[in-house]
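Enquirer: Dropping the sequence and predicted coords here.
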Amino acid sequence: MKTVLITGANKSIGFETARQLLRMGYFVYLGSRDQQKGQEAAEQLKSEGYDHIEVITIDVDHVDSIKAARQTLGSKIESLDVLINNAGISGGFPQTAADVDINIFRQVFETNFFGVIETTQAFMDLLKNSPEPRIVNVTSGLGSLTLHNDPNWKYYHVKGAVYTSSKAALNAYTIVLAYELRDTAFKVNVVDPGYTATDFNQHSGPGTVEDAAARLVKAATLAADGPTSQFFSDDNELGTGISPW
């Protein structure tokens with residue numbers, strides 16, 4: 001049975017991603033920074049008939065929590081097939097580049113960027129033990145520098161200095177990581193789940209969590225001949241499913 005760790009999986013897109021992967025026969029380690037909320041999410045999925053699930057307490061803002069999660073998971077399994085770095089925050093809007101509080105930059109980057117790096121590095125040894133390891137970093141179309149510089153893009157005027165920068169940085173990190181692992185069985189990609197109705201945006205997005213999660217699942221379950229170092233998005237009107245960086 002393949003295994004997957006999903007950070008920030010106790011609600012919204014992460015929770016639905018867990019559900020869809022359980023449906024496909026994966027053993028899901030449901031990452032949650034709050035143990036109780038994670039357990040409640042796991043119990044909900046168990047009530048739906050999914051038994052192969054366990055909560056892993058992990059707060060990606062704190063390296064000690066990440067290390068503890070790695071130790072916990074390492075005591076249970078010898079290899080991890082999929083890591084989905086889903087946990088993220090927006091920092092609140094508006095975010096003007098000229099005067100946003102630098103501490104908001106630090107807070108958002110701690111979760112969206114440094115947290116992803118520390119989590120990926122912590123679990124890399126378990127991933128390397130998998131015959132077909134997959135890393136999925138959850139990004140946003142707002143992290144595309146190309147689209148942000150195109151006045152014809154439908155979200156051209158949505159310029160959140162902090163959130164945009166954190167996702168652009170995540171994209172750059174993913175490219176380098178994928179390059180370093182290019183001659184291995186790894187598939188390392190970023191996925192934009194789309195403008196989805198969740199509490200992340202006060203449920204203002206037009207997309208559903210089911211469709212958003214399906215995009216993550218697709219990247220998490222790529223075949224051996226699947227792509228790596230790609231920015232997947234269905235929200236850019238190009239019709240290809242691949243977004244410009």
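Expert: Arrived safely. Quick caveat, the model's predicted, so the values are computed rather than measured.

Enquirer: low-scoring stretches of this protein, by residue?
Expert: For the chain, the stretches with pLDDT under 70 are 197-206, 235-240.

Enquirer: Regarding it, what is its longest helix?
Expert: In the chain, with assignment by DSSP state H, the single longest helix is helix 161-180.

Enquirer: Which strands or helices does that one pack on?
Expert: helix 102-109, helix 115-128, strand 134-138, strand 187-191 (3 or more C-beta pairs under 8 Å, 6 or more residues apart in numbering; DSSP states H and E). C-beta coordinates here come from the backbone N, C-alpha and C atoms, glycine included.

Enquirer: For those, give me TSV that also has mean neighbour count.
Expert: TSV is the format used below for the helices and strands packed on helix 161-180 (neighbours: other C-beta atoms under 10 Å):
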stretch	mean neighbour count
helix 102-109	15
helix 115-128	20
strand 134-138	27
strand 187-191	26
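
Enquirer: Of those, which is nearest residue 233?
Expert: strand 187-191 (7.4 Å; C-beta to C-beta).

Enquirer: hang on, the earlier thing: can you tell which of the helices and strands packed on helix 161-180 is closest to residue 11?
Expert: Of all the helices and strands packed on helix 161-180, strand 134-138 comes closest under C-beta to C-beta, at 13.8 Å.

Enquirer: Toward the C-terminus, what is the element adjacent to the closest one?
Expert: helix 145-148 (DSSP states H and E).

Enquirer: Can I get the longest helix of the chain in PDB, CA atoms only?
Expert: C-alpha atoms of helix 161-180 as PDB (Å, rounded to 0.1, in the frame of the first residue of the first chain):
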ATOM      1  CA  ALA A 161       3.100  41.500  -2.400                       C
ATOM      2  CA  VAL A 162       3.600  39.000   0.400                       C
ATOM      3  CA  TYR A 163       1.600  36.000  -0.800                       C
ATOM      4  CA  THR A 164       2.700  36.400  -4.400                       C
ATOM      5  CA  SER A 165       6.400  36.600  -3.400                       C
ATOM      6  CA  SER A 166       6.200  33.500  -1.200                       C
ATOM      7  CA  LYS A 167       4.700  31.400  -3.900                       C
ATOM      8  CA  ALA A 168       7.100  32.700  -6.500                       C
ATOM      9  CA  ALA A 169       9.900  31.700  -4.200                       C
ATOM     10  CA  LEU A 170       8.300  28.300  -3.700                       C
ATOM     11  CA  ASN A 171       8.100  27.800  -7.400                       C
ATOM     12  CA  ALA A 172      11.800  28.600  -7.800                       C
ATOM     13  CA  TYR A 173      12.800  26.200  -5.100                       C
ATOM     14  CA  THR A 174      10.700  23.500  -6.700                       C
ATOM     15  CA  ILE A 175      12.500  24.000 -10.100                       C
ATOM     16  CA  VAL A 176      15.900  23.600  -8.400                       C
ATOM     17  CA  LEU A 177      14.800  20.500  -6.400                       C
ATOM     18  CA  ALA A 178      13.400  18.900  -9.500                       C
ATOM     19  CA  TYR A 179      16.600  19.600 -11.400                       C
ATOM     20  CA  GLU A 180      18.700  18.000  -8.600                       C
END
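
Enquirer: returning to that earlier point: could you dump the helices and strands packed on helix 161-180 to CSV with distance to residue 79?
Expert: Below are the helices and strands packed on helix 161-180 laid out as CSV (distance: least, C-beta to C-beta, whole Å):
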stretch, distance to residue 79
helix 102-109, 30
helix 115-128, 6
strand 134-138, 12
strand 187-191, 15
